[in-house]
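Enquirer: How does the following fold in three dimensions:
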Amino acid sequence: MSASKEWQVSCRDIASRRRDMTVFVSQGHVVITVPPGEAAVLTPLEVGRLRAALRDAVVSASTTPEV
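Expert: The predicted structure follows:
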């Protein structure tokens, strides 16, 4: 996976610890990983970053041939 097809979005878990969500493209699909066993709590700015990462991932996924 190339670095241009992976996006990091900062967030906090339910206990307010800093965490990261990762958005990436795998075989033409958009994949989101969140803190294990936790809820991701996002500020409005972080939601905007997640939205941008998802938009970029969708564009990338649509141009990636499925295997």
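Enquirer: ok, now which ones touch the residue most central in space within the chain?
Expert: In the chain, the residue lying closest to the centroid (Cα atoms, centre = their mean) is residue 23, at 2.4 Å. By Cβ atoms under 8 Å, 6 or more residues apart in numbering, the contact set of residue 23 is 6-7, 9, 30-32, 50, 53-54, 57. Bear in mind the C-beta positions are built from the backbone N, C-alpha and C, glycine included.
Enquirer: and if we set it to 6 Å?
Expert: 7, 32, 53, 57 (Cβ atoms under 6 Å, 6 or more residues apart in numbering).
Enquirer: any idea which helix or strand comes after the longest strand along the chain?
Expert: Across the chain, the longest stretch assigned as strand under DSSP state E is strand 18-26. Downstream of strand 18-26, the first helix or strand assigned by DSSP states H and E is strand 29-33.
Enquirer: Please report how far residue 14 lies from residue 39.
Expert: Going from residue 14 to residue 39 by Cβ to Cβ, to the nearest Å gives 5 Å.
Enquirer: which residues of this protein score low on pLDDT?
Expert: 1-4, 64-67 (pLDDT under 70).
Enquirer: what about 90?
Expert: For the chain, the stretches with pLDDT under 90 are 1-5, 13-15, 26-29, 34-42, 61-67.
Enquirer: which stretches of it form helices?
Expert: For the chain, helices defined by DSSP state H occupy the ranges 44-62.
Enquirer: rewinding a little: buried ones among the contacts of residue 23?
Expert: 7, 53, 57 (16 or more other Cβ atoms under 10 Å).
Enquirer: Which residue lies closest in space to the first one, excluding its sequence neighbours?
Expert: Sequence neighbours aside, residue 53 is the residue nearest to residue 7 in space, at 3.6 Å (criterion: Cβ to Cβ, 6 or more residues apart in numbering).
Enquirer: same check, this time on the last one
Expert: Nearest residue to residue 57, sequence neighbours excluded (Cβ to Cβ, 6+ apart): residue 30, at 4.5 Å.
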